[in-house]
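Asker: Could you look at this predicted model? Sequence included:
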Amino acid sequence: MEKEMINQLIDTAIHQLKYSYTPYSNFKVGAALLAKNWQVYTGCNIENAGYTATNCAERTAFFKAVSEGVKDFQAICVVGGKAGVLTEYAAPCGVCRQVMMETVKRQGKPFEVILCGPDDAIVISDCRLLLPFAFDGSDIPS
Ligand code: THU
């Protein structure tokens, strides 16, 4: 991924922090998901009084894209922090990693995960590294 594209995704993910709805944790997360067709789908975390009903920023972005018929992706950038301040890298939770793996399985190849902290960004070139031994459709007997 070119540096310019990485920076654009970081800026877009940071911009999403202002839409993050977090009355319970005040931990704000933003995501920018780059589709294969070069469209960028945005996401923020959306909390709920029934805590388990909360949706993470990454899944918001994935579900927005898939619900519009877009299912192939190149990269996702995730940023987050208390009150929207990026004090460290915000690592995707296990459920979001599982959702990422569905894409890998579907499109037949992995995509990049960009995490941006206070000073710099790290690019994980293969999202499968984030969820070894993942559960997938082949684990469901037909
Ligand atoms: N959160 C995300 O949006 N993405 C993750 O991958 C980790 C957690 C959100 C959910 C909740 O609103 C807040 O961060 C604290 O867990």
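Answerer: Thanks, I have it. Numbers count the residues shown, from 1 in each chain.

Asker: all contacts plus neighbour counts: C-alpha atoms, from now on.
Answerer: Will do.

Asker: Now do the contacts for the spatially most central residue of the chain.
Answerer: Nearest to the geometric centre of the chain sits Glu58, at 3.1 Å (C-alpha atoms, centre = their mean). Residues in contact with Glu58 (C-alpha atoms under 8 Å, 6 or more residues apart in numbering) are 30-33, 43-45, 76, 78, 92, 96.

Asker: if we go to 7 Å?
Answerer: By C-alpha atoms under 7 Å, 6 or more residues apart in numbering, the contact set of Glu58 is 31, 43, 96.

Asker: pLDDT value on it, please?
Answerer: Looking at Glu58, its pLDDT is 98.

Asker: quick one on the thing from earlier: restricted to helices, list the contacts of Glu58.
Answerer: Counting by DSSP state H, the part of the contacts of Glu58 found in helices is Cys96.

Asker: now, which of the contacts of Glu58 lie close to the ligand?
Answerer: Cys96 (C-alpha under 6 Å from any ligand atom).

Asker: Give me the mean pLDDT for the helix or strand containing Met101.
Answerer: Here Met101 sits within helix 94-107, counting by DSSP states H and E. In this model, helix 94-107 has a mean pLDDT of 95.

Asker: Show me which parts of that helix are buried, residue by residue.
Answerer: Of all the residues in helix 94-107, those buried under the rule 16 or more other C-alpha atoms under 10 Å are 96-98, 100-104.

Asker: Can I get those in CSV including distance to Leu17?
Answerer: Shown next, in CSV, are the buried residues of helix 94-107 (distance: C-alpha to C-alpha, whole Å):
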residue, distance to Leu17
Cys96, 18
Arg97, 20
Gln98, 23
Met100, 21
Met101, 24
Glu102, 25
Thr103, 24
Val104, 26
